[in-house]
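Novice: 3D model of this:
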Amino acid sequence: MVEDKLSKNIYLIGFMGAGKTSVGRILAEKLRLEFCDLDDLIESECGKTISRIFSEHGEAFFRDLETEKLRSVSKNSGQIVATGGGIVLRQSNWKIMKDGGLTVYLKASTDVLWNRIKDDTSRPLLQVEKPFEKVRELHSMRMLIYEKADLMIDTENRSPENVADYIIGQLDGLCG
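Specialist: Have a look, this model is predicted:
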């Protein structure tokens, strides 16, 4: 079975609202692997929300924490790791993920992502005057970076369960 030979991590990447956490939990359960959500780990370790970390210390400070947590989590293998949407902005993070496992890009259009996240006040990058324009700008900038992933899957018309099943179906080819 796939889970018996998965000795690497699976890193779920994509824009906010792509479904990394939802899909990651389902995938981990189906494969009987540990699930790690980097944002949750950072919040737990800092005792603060990501929003609060951004507002008190800035984005660069948060990105440093994110890289540090990725390095730490990547010391273990056989995990499903949900990353933050901006983790791909640092080349060093790509190296950590590529060296330690498979990267899976959960893809969706800007409009779909916006509809999923527009009412979520916990997302610090959306706390601006024109949040949709910010989403469009960030998504456009990051799309080409996300596409460096080992596997891409469009999440727009799929349930998280269906996305997880698709990923599992692709693992033999990627891990074999």
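
Novice: Using the three-state scheme, assign residue 30.
Specialist: For residue 30, the secondary-structure state derived from DSSP: H, G, I helix; E, B strand; the rest coil is helix.

Novice: could you dump the helix or strand hosting residue 96 to PDB, C-alpha only?
Specialist: Residue 96 is part of helix 91-100 when elements are defined by DSSP states H and E. Extracted in PDB, the C-alpha atoms of helix 91-100 (Å, rounded to 0.1, in the frame of the first residue of the first chain):
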ATOM      1  CA  GLN A  91      13.700  29.700  -2.100                       C
ATOM      2  CA  SER A  92      15.100  28.100   1.100                       C
ATOM      3  CA  ASN A  93      11.600  26.800   1.900                       C
ATOM      4  CA  TRP A  94      11.400  25.200  -1.500                       C
ATOM      5  CA  LYS A  95      14.700  23.500  -0.900                       C
ATOM      6  CA  ILE A  96      13.500  22.100   2.400                       C
ATOM      7  CA  MET A  97      10.200  20.900   0.900                       C
ATOM      8  CA  LYS A  98      11.800  19.400  -2.200                       C
ATOM      9  CA  ASP A  99      14.600  17.700  -0.300                       C
ATOM     10  CA  GLY A 100      12.100  16.200   2.300                       C
END
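
Novice: which helices and strands sit right next to the following helix or strand past it?
Specialist: Beyond helix 91-100 on the C-terminal side, the first helix or strand identified by DSSP H and E is strand 101-107. Helices and strands in packing contact with strand 101-107 are listed as strand 9-13, strand 151-154, helix 160-175; criterion 3 or more C-beta pairs under 8 Å, 6 or more residues apart in numbering; DSSP states H and E. For glycine as for every other residue, the C-beta is placed from the backbone atoms N, C-alpha and C.

Novice: Between these, which one is closest to residue 105.
Specialist: Of all the helices and strands packed on strand 101-107, it is strand 151-154 that lies closest to residue 105, at 4.5 Å by C-beta to C-beta.

Novice: Average pLDDT for that closest one, rounded please.
Specialist: Strand 151-154 shows a mean pLDDT of 95.

Novice: ok, now stretch 39-54?
Specialist: Mean per-residue pLDDT for stretch 39-54: 92.

Novice: same question, stretch 62-70
Specialist: Across stretch 62-70, pLDDT averages out at 95.

Novice: Can you tell me what sits against that stretch?
Specialist: Residues outside stretch 62-70 that contact it (C-beta atoms under 8 Å, 6 or more residues apart in numbering) are 38, 41-42, 45-46, 50, 53-54, 81, 83-84, 86-87, 89-90, 92-93, 96-97.

Novice: hmm, back to that, out of the helices and strands packed on strand 101-107, which gets nearest to residue 118?
Specialist: Each of those was checked against residue 118 via C-beta to C-beta, and the shortest separation belongs to helix 160-175, namely 19.0 Å.
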